[in-house]
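> Build the 3D model from these lines:
(one chain, ligands or ions: 1)
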Amino acid sequence: MTLTALRIDGGQVPSQYGARAARQEEIMRLFEAIIEANQRAARGDTRAGVHVSEFAASLPVVALTCIDPRLNKLMPGVLGVPEEQFIWLRNAGNIITGSLSSTTRSLSLACAIKGGKEIAIIGHTDCKVCHTSVSDLVDRFRTLGVERARLPDNLVEYFGLFASERQNVIKAVDFVRNSPLIGPKVPVHGLLVDITTGKLEWVVNGYQSLASAVPSVQPAARLNIEGPQLTKPAQIAPEAGEEPVPKPKIVPPPAPAPPPVPPVLPKRRAQTRAPWER
Ligand SMILES: [Zn+2]
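All right, here's what the predicted structure looks like:
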């Protein structure tokens, strides 16, 4: 069975869960409720859903997923979040290449401009980015007319290729969580969705890392924003037996020239007489 959509809101707790479940949902946070409802639905509970009206302070959510078209029918239904509360970013492999990468910047703007309250990096099973080897990729580029020589040397690093969907999600969450562009109070979750069943698995619980996070932005992270052009070049120690490159002598700049002295005009009094003296 493929799970494509949870019930959205409705306001009533399924009767078989009763008051105890209602109390439990009250203390659950949004993604805890999402995972719980998704897994109930995967077990066949057709009434499973997220009472989104109870989580208004956590909405909208910002999600990064892969470009795989099989996700089109799953999102955001399997989360139980209505489309208008679902800010959806996609790239090939839901890859984050750095804490200041363009995708991280988009996530930060999704929070700053569109009011996203929580971020979820959602990987999926059977990801083709994960299952394509470097040599396959080179062949595929070649058929598209992109020769190997035109590509960067390290394709794995350049494209952020990965060998494990789960590890890729963990790495992406780590980059986003530690980004100086993401508010320290914004939870960053990592999920994995089964592409055939729609079942969610929680890879990184963003609420837990939020509780242990240091609230202040590290100075080093701020420095990185300045860009590499402002950082000092690394000092490279000479290899053994290699002549160290002599440092240029520091010559103090010449002292500024004194201001020009105005020419002293010869006193004319000695040479000429005033008219009344004549
Ligand atoms: Zn994928």
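> just the helices in this structure please.
Secondary structure of the chain (DSSP state H): helices located at 18-27, 30-42, 102-112, 134-143, 155-159, 165-177, 206-212, 219-225.
> With just CA atoms, put the third one into PDB.
Spelled out, that is helix 102-112. What follows is helix 102-112 as a C-alpha-only set of coordinates in PDB (Å, rounded to 0.1, in the frame of the first residue of the first chain):
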ATOM      1  CA  SER A 102      22.900  28.400  -2.200                       C
ATOM      2  CA  THR A 103      20.400  25.900  -1.000                       C
ATOM      3  CA  THR A 104      21.200  26.800   2.600                       C
ATOM      4  CA  ARG A 105      20.700  30.400   1.700                       C
ATOM      5  CA  SER A 106      17.300  29.600   0.200                       C
ATOM      6  CA  LEU A 107      16.300  27.700   3.400                       C
ATOM      7  CA  SER A 108      17.300  30.800   5.400                       C
ATOM      8  CA  LEU A 109      15.300  33.100   3.200                       C
ATOM      9  CA  ALA A 110      12.300  30.700   3.400                       C
ATOM     10  CA  CYS A 111      12.400  31.200   7.100                       C
ATOM     11  CA  ALA A 112      13.200  35.000   7.000                       C
END
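> by contact count, what packs against it?
Judged by 3 or more CB pairs under 8 Å, 6 or more residues apart in numbering; DSSP states H and E, helix 102-112 is in contact with strand 61-65, strand 86-90, strand 118-124, helix 165-177. C-beta: built from backbone N, CA, C; applies to glycine.
> ditto for the shortest one
Using 3+ CB pairs under 8 Å, 6+ apart as the contact criterion, the elements in contact with helix 155-159 are helix 134-143.
> Per-residue pLDDT of residue 242, please?
Here, the pLDDT recorded for residue 242 equals 39.
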